[in-house]
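Q: What shape does this take:
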Amino acid sequence: MRQELLSLPKGLAEEVSKNLVMVARLIDDEPEQAYAYSRIALRLASRVAAVREAAGFAAYATQKYSEALAEFRAAKRMTGSVELWPVMADCERGLGRPERALAMAGEPEVQKLDKAGQVEMRLVAAGARRDQGQLEAAIVTLQSPELASSSVQPWTARLRYAYADALLAAGREDEAREWFGKTLEADKDGSTDASDRLAELDGVEFVDASVDLSDLADDEDDDQDDNEDEDDNEDAAEIAAAERASDVAEYYDEDDEEYEPLEQSAADADADVEDDKA
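A: Here you go, the predicted model:
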């Protein structure tokens, strides 16, 4: 990619590079933002294959499969590489065309892929079989030397997981449990939820302690709010009483001509009459 960017003017190359870095940083956690950065890079340098590829993956991450497929095809034309073949086939699946994905799985390009690419293509083909409701065919598609191998490769966990999931979908629960266990052995980074699937098969239920703690915190907050409301009401009552007392004092200040005497209530008037009689 660096070599491709060197073909651009220095300032433009730096700007494009910054946007591509943001795509790489955000694509897993914030794909929509990654997509936005990819569109900027695409506007700046649409003739750079690395930019077209990045735009394709950003569109793919946001399920814009038609757009992703167009970008991948453009990148393939520019480079002549077939490494994007599996993801292009998966875009066909995303567009509801599993038959096209299966056709691509039988094309000569597959033989030009490295081992990782061929495994990826097998996963896509199995997914296409499942899209068509062909569960047993999907299981057979995944059966391969790579699946049977005891060595752990970067693709091993995903391949075993897909096989276990297909077995479970076909109602072969015991075999599925075995292969979810094998997935767990290979999944050192926790990239799959094999442990959860195993627990689910064994009838284990997890209690989400965080929910209970959150509820407790909410209750405490509610109690604190209630206490604060009571304190506020008491403070407001005290303030109002003080203001009334202040008003009375002001109105009864006979030396200040600015204020007039406060009108007496009926009870106060009766009290004054009694005092006069006394």
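
Q: Would you state the helices of the stretch 101-250 of the chain in chain order?
A: 115-131, 135-142, 145-148, 156-169, 173-186, 194-201, 209-251 (DSSP state H, counting those that start in this stretch).

Q: for the stretch 151-278 of the chain, which spans come out with low pLDDT?
A: 205-278 (pLDDT under 70).

Q: buried ones in stretch 18-30?
A: N19, L20, M22, V23, L26, I27 (16 or more other Cβ atoms under 10 Å). In short, each C-beta sits where N, CA and C put it, glycine included.

Q: for these, which one is nearest R77?
A: Nearest to R77 out of the buried residues of stretch 18-30 is L20 (Cβ to Cβ; 19.7 Å).

Q: where's that closest one relative to K115, distance?
A: 27 Å (Cβ to Cβ, to the nearest Å).

Q: How many residues are close by S66?
A: 10 (other Cβ atoms under 10 Å).

Q: V16 is in contact with R43, isn't it?
A: No. The pair V16 / R43 is not scored as a contact, 9.8 Å apart, by Cβ atoms under 8 Å.

Q: Of these two, give the one with the bigger neighbour count.
A: Neighbour count, other Cβ under 10 Å: between V16 and R43, V16 has more, with 24 against 12.

Q: Can you list phi and psi of that one for me?
A: Note on V16: backbone dihedrals following degrees, to the nearest 10 are phi -60, psi -40.

Q: residues in contact with F72?
A: Counting by Cβ atoms under 8 Å, 6 or more residues apart in numbering, F72 touches R52, E53, G56, L84, V87, M88, C91.

Q: Give me the pLDDT for the fifth one.
A: The per-residue pLDDT reported for V87 equals 98.

Q: tell me which element it is part of?
A: Counting by DSSP states H and E, the element that carries V87 is helix 85-94.

Q: what's the distance between that helix and the middle of its chain?
A: Counting by Cα atoms, centre = their mean, to the nearest Å, helix 85-94 is centred 22 Å from the centre of its parent chain.

Q: Please apply the same query to stretch 109-124.
A: The answer for stretch 109-124 is 28 Å, by Cα atoms, centre = their mean.

Q: same check, this time on stretch 12-23
A: 24 Å.

Q: again with stretch 33-49
A: Computed by Cα atoms, centre = their mean, the separation of stretch 33-49 from the middle of its chain amounts to 22 Å.

Q: Stretch 135-154 now?
A: Counting by Cα atoms, centre = their mean, stretch 135-154 comes out at 30 Å from the chain centroid.

Q: try stretch 2-17
A: 31 Å.

Q: same question for that stretch, mean pLDDT?
A: Rounded mean pLDDT across stretch 2-17 is 84.

Q: Offset the numbering so it begins at 265, please.
A: Noted, 265 is the first residue going forward, which turns the last one into stretch 266-281.

Q: ok so, going back, and the helix holding V351, what does it pack against?
A: helix 313-325, helix 329-343, helix 362-369, helix 379-395 (3 or more Cβ pairs under 8 Å, 6 or more residues apart in numbering; DSSP states H and E).

Q: Of these, flag the one that's most buried.
A: helix 313-325 (a mean of 24; mean count of other Cβ atoms under 10 Å).

Q: Now do that helix, average pLDDT.
A: Mean predicted lDDT for helix 313-325 stands at 97.

Q: thinking again about what came up before, give me the residues contacting the helix holding V351.
A: So helix 349-358 is contacted by 320-321, 324, 327, 329-330, 332-333, 336-337, 340, 362, 364-365, 368-369, 371, 373-374, 377, 381, 384-385, 387-389, 391-392, 395 (Cβ under 8 Å, 6+ apart).
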